[in-house]
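Novice: Take a look and give me a structure for this.
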Amino acid sequence: MIKTIINAWKVPEIRKKLLFTAFIILVFRIGSVIPVPFLNIVDEIDVGKGNTILTYLSLMTGSAFTYGTIFAMSITPYINASIIMQLLAVAIPALERLQKEGEEGRKKIASITRFVTVALGLLQSLAYFFYLRANDYLMTASDGSAFTGFDAVFQAIVIIVVLTAGTAVIMWLGEQITISGIGNGISIILFAGIVSRFPTLIKQLFQYLDTGRLVYRILVPVVCVIFVLMIAYIVFLDNAERRLPISYAKRVVGRKQMGGQSTHMPIKVNMSGVLPVIFASSILSLPGTVQMFLSSDKYEGTFWEGFFNAFQSDSWWYALMYFLLIIFFAYFYSTIQYNPIEMANNLRKNNGAIPGIRPGRPTSDYILRVISRLTLIGALMLSVIALFPIVYSLICDMAIQPLGDSDGGMTISLGGTSLIIMCGVALETVRQLESQMMMRHYKGFLD
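Specialist: Coordinates of the predicted model:
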């Protein structure tokens with residue numbers, strides 16, 4: 001990877017794209033520390049402990065959410081809008097037709113996605129404003145009382161508009177990277193937000209070491225080694241694929257013989273990427289989010305106390321539900337993305353066939369069986385990454401608390417979702433660099 005970046009830097013045109021991408025990332029990080037007007041946030045916004053939608057947003061925004069900055073919504077509204085459009089394209093025939101219209105259809109879908117992004121950003125900003133007002137994070141009058149009348153309305157409009165505008169600006173910055181930079185702009189911005197949390201993670205590890213306890217001096221190096229091993233594991237998972245052999249029949253067109261070659265159809269083991277983890281974590285964070293707005297006196301000692309405790313990230317029940325939801329959404333997403341009948345029909349139209357499998361229904365059934373097995377394998381491998389930080393923290397709690405640690409065990413703030421996103425974006429960006437370098441160094445038949 002480092003060698004690829006060094007070689008790409010030597011090409012003037014690619015170097016300009018790299019510098020442009022770095023400049024956009026710099027603008028994004030500057031916007032992530034500029035506070036929204038009329039907010040009174042001294043340190044950080046309390047997003048609560050455990051598994052809530054607020055902690056998820058803080059992770060995805062690179063802590064911009066917890067500081068109330070103009071980019072506090074980050075790229076999450078665009079990601080949600082893209083997922084919604086993908087799901088609607090399956091349910092709405094008009095959107096499905098647009099997907100099949102080529103470049104013009106994709107432009108129309110991209111335009112609709114922008115409007116959906118702004119709408120979701122507005123709704124998310126509105127909910128964020130009410131949360132800030134309920135927890136006294138808004139600027140008050142000189143006598144310490146909250147604004148009333150026109151002043152309160154003006155304050156609300158400014159905060160919501162600025163947050164929504166920040167969402168639109170980030171979406172525009174991502175599109176500029178895609179057009180004039182390197183890699184997918186939205187993914188690059190998400191990558192930059194996650195990487196920005198690394199200093200906090202390193203500080204957290206040093207704080208464990210500063211306690212002087214022997215158990216932490218053992219666990220911290222173990223965490224670093226496991227971190228490197230998990231990256232290698234994610235790279236292996238991202239590159240793993242099943243190659244179905246394809247043979248094309250020979251045919252004579254005029255005086256030329258066409259076809260007759262053998263190739264393969266690659267099917268990735270992890271077809272759905274990180275989406276099953278995102279869907280599962282979003283659903284499991286809803287009970288914890290509801291709990292934040294309820295008084296503990298209302299449900300303490302009742303059924304709901306055990307219910308909410310089961311959805312905390314330090315619960316074995318939570319790990320089990322997380323595991324089952326990842327498998328469910330992996331199958332759900334692969335069903336949406338892959339149509340075995342359409343794949344079999346395309347093979348038959350091009351005079352292709354899988355050796356030993358008859359064309360038509362037998363081919364589609366065979367492809368369906370292969371996809372089903374790969375989906376299960378990919379979901380299980382994905383679950384290992386997503387669940388490891390949770391299981392590791394639970395084991396550390398069990399090992400450390402008996403030794404007299406009243407503050408609990410050792411937790412890992414950088415979850416499996418972040419690692420998958422980071423590695424996936426880095427690998428995809430390197431692939432794009434390699435393809436652009438190959439295009440510029442390819443010798444044509446005139447050379």
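
Novice: Please count neighbours and contacts with C-alpha atoms only from this point.
Specialist: OK.

Novice: Now do the strand or helix carrying Val27: which elements does it pack against?
Specialist: When elements are assigned from DSSP states H and E, Val27 belongs to helix 12-31. Counting contacts by 3 or more C-alpha pairs under 8 Å, 6 or more residues apart in numbering; DSSP states H and E, helix 12-31 packs against helix 2-9, helix 149-180, helix 185-195.

Novice: Can you redo those helices as a markdown table, where the extra columns are distance to Gly360, mean pLDDT and mean neighbour count?
Specialist: Below are these laid out as a markdown table (distance: least, C-alpha to C-alpha, whole Å; pLDDT from 0 to 100; neighbours: other C-alpha atoms under 10 Å):
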| stretch | distance to Gly360 | mean pLDDT | mean neighbour count |
| --- | --- | --- | --- |
| helix 2-9 | 43 | 75 | 13 |
| helix 149-180 | 39 | 89 | 18 |
| helix 185-195 | 38 | 84 | 22 |
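
Novice: and Ala72, which of those is closest to it?
Specialist: Closest approach to Ala72 among those (C-alpha to C-alpha): helix 149-180, 6.9 Å.

Novice: that older thread, give me the buried positions along the helix holding Val27.
Specialist: Across helix 12-31, burial judged by 16 or more other C-alpha atoms under 10 Å covers 14-15, 17-18, 20-22, 24-25, 28-29, 31.

Novice: could I get the residues you listed as CSV with pLDDT and distance to Ile170?
Specialist: Output for the buried residues of helix 12-31, formatted as CSV (pLDDT from 0 to 100; distance: C-alpha to C-alpha, whole Å):
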residue, pLDDT, distance to Ile170
Ile14, 84, 23
Arg15, 85, 23
Lys17, 88, 18
Leu18, 88, 18
Phe20, 91, 15
Thr21, 90, 13
Ala22, 90, 14
Ile24, 91, 10
Ile25, 90, 10
Phe28, 90, 7
Arg29, 88, 11
Gly31, 87, 9
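
Novice: For this structure, which helix extends over the most residues?
Specialist: In the chain, with assignment by DSSP state H, the single longest helix is helix 361-400.

Novice: what's the helix or strand just after it packed up against?
Specialist: Using DSSP H and E, the helix or strand that follows helix 361-400 in sequence is helix 416-441. When contacts are defined as 3+ C-alpha pairs under 8 Å, 6+ apart, helix 416-441 sits against helix 2-9, helix 185-195, helix 214-239, helix 361-400.

Novice: what's the model's confidence in the helix or strand just after the second one, averaged?
Specialist: Which is helix 185-195. Sequence-wise, the next helix or strand downstream of helix 185-195 (DSSP H and E) is helix 198-210. For helix 198-210, the mean per-residue pLDDT is 80.

Novice: Show me how far helix 198-210 is from its chain's centre.
Specialist: 24 Å (C-alpha atoms, centre = their mean, to the nearest Å).

Novice: just the angle between it and helix 214-239, please?
Specialist: Angle between the axes of helix 198-210 and helix 214-239 is 150 degrees (criterion: axes from the mean of the first three to the mean of the last three C-alpha atoms, to 10 degrees).

Novice: buried ones in helix 198-210?
Specialist: In helix 198-210, counting by 16+ other C-alpha under 10 Å, buried: 204-205, 208-209.

Novice: Also stretch 375-388?
Specialist: Those would be 375-376, 378-383, 385-388, for stretch 375-388 by 16+ other C-alpha under 10 Å.

Novice: got a list of contacts for it?
Specialist: Stretch 375-388 is contacted by residues 230, 234, 237, 269-271, 277, 319, 322-323, 326-327, 330-331, 334, 415-417, 420 when judged by C-alpha atoms under 8 Å, 6 or more residues apart in numbering.

Novice: if you set the cut-off to 6 Å instead, what comes out?
Specialist: 269-270, 327, 330, 416 (C-alpha atoms under 6 Å, 6 or more residues apart in numbering).

Novice: got those as JSON lines, with secondary structure, pLDDT and distance to Phe130 columns?
Specialist: Listed next are those as JSON lines, based on DSSP: H, G, I helix; E, B strand; the rest coil; pLDDT from 0 to 100; distance: C-alpha to C-alpha, whole Å:
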{"residue": "Val269", "secondary structure": "coil", "pLDDT": "86", "distance to Phe130": "43"}
{"residue": "Asn270", "secondary structure": "coil", "pLDDT": "84", "distance to Phe130": "39"}
{"residue": "Ile327", "secondary structure": "helix", "pLDDT": "90", "distance to Phe130": "35"}
{"residue": "Ala330", "secondary structure": "helix", "pLDDT": "87", "distance to Phe130": "34"}
{"residue": "Gly416", "secondary structure": "helix", "pLDDT": "68", "distance to Phe130": "31"}
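
Novice: Tell me the buried residues within those residues.
Specialist: Among the contacts of stretch 375-388, those classed as buried by neighbour count (16+ other C-alpha under 10 Å) are 269-270, 327, 330, 416.

Novice: Reformat the helices and strands packed on helix 12-31 as CSV; add distance to Arg358.
Specialist: Formatted as CSV, the helices and strands packed on helix 12-31 follow (distance: least, C-alpha to C-alpha, whole Å):
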stretch, distance to Arg358
helix 2-9, 44
helix 149-180, 42
helix 185-195, 41
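
Novice: wait, which of these is closest to Met437?
Specialist: Closest among the helices and strands packed on helix 12-31, using C-alpha to C-alpha: helix 2-9, at 6.7 Å.

Novice: Tell me which residues are up against that closest one.
Specialist: Arg15.
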